[in-house]
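Engineer: below are the sequence and a predicted model for it; my questions follow.
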Amino acid sequence: MVTKLKGYEFDPGFGPQVLAFQGTVNYLYMDINRFKNLSQRKFKFSQYYKKILNVFNNNVGFYIGCLMWASYLKTLDEGEILSNYCYGKEYNEEENISDTQYMLNFADLFPKDMKYFMGQDYKFDEKITKLIQVYEEFLVLNKGFVNTKTNKDLVIPDKIKDGNAQDYKEIIDRIIKEKDLSKFIDYVDEII
């Protein structure tokens, strides 16, 4: 006899593809700053800035994917959220938004580093910083998912466009197979 679980996975497959942004960036900047000579630090920054941006874009893609996944889940019949490792834990808002706050701070400071180390003007698309803010709102509204037992418990921010939420599953599956979460950035206009 086979028993089928009635529910939806908390993570459709993003987890293995997400790097800890804050830890990665801190490590790379520590390596840059270990040099006292400015020309050596500039050289190290020139080696790392693309990697830093790739990790940033990967995390932004993760945020978009999570918003799409939650929007998609809300369209389905009520079912339990499976493997929600947050459920039942104590909520700590400061800890809950620490990564998004770090990302927003990074988006503000990184253009200054590009100017200082590379002599280049750089600016993040305003849609990206807005997306991070919306994702942070999503985390706060859902209180870090500590009370999210079913898909109907999910709270979607008003700023999310969910008219195409049924189509999100196909996009999510494709991008997870491609193993490049930054490709979700192509869909930022569809979600906010």
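Structural biologist: Good, I have the coordinates.
Engineer: relative to the whole chain's centre, how far out is the helix or strand hosting T24?
Structural biologist: Remark: T24 resides in helix 21-33, with elements defined by DSSP states H and E. Relative to its chain's centre, helix 21-33 lies at 18 Å (C-alpha atoms, centre = their mean, to the nearest Å).
Engineer: avg pLDDT for that helix?
Structural biologist: Averaging pLDDT along helix 21-33 gives 96.
Engineer: show me what the following helix or strand past that helix is packed against.
Structural biologist: Per DSSP H and E, helix 21-33 leads on to helix 38-74 as the next helix or strand towards the C-terminus. If you count contacts as 3 or more C-beta pairs under 8 Å, 6 or more residues apart in numbering; DSSP states H and E, helix 38-74 packs onto helix 21-33, helix 98-113, helix 126-141, helix 168-178, helix 188-191. All C-beta spots, glycine's among them, are computed from the backbone N, C-alpha and C.
Engineer: quick check: buried residues in the last one?
Structural biologist: Using 16 or more other C-beta atoms under 10 Å as the burial criterion, the residues of helix 188-191 that qualify are V188, E190, I191.
Engineer: can you tell which of the helices and strands packed on helix 38-74 is closest to K161?
Structural biologist: Taking C-beta to C-beta, helix 188-191 is the member of the helices and strands packed on helix 38-74 nearest to K161, at 6.0 Å.
Engineer: what does the pLDDT read for the residue nearest in space to the middle of the chain?
Structural biologist: Centroid-nearest residue in the chain, with C-alpha atoms, centre = their mean: Y63, separated by 2.9 Å. Predicted confidence (pLDDT) for Y63: 98.
Engineer: thanks a lot, catch you later.
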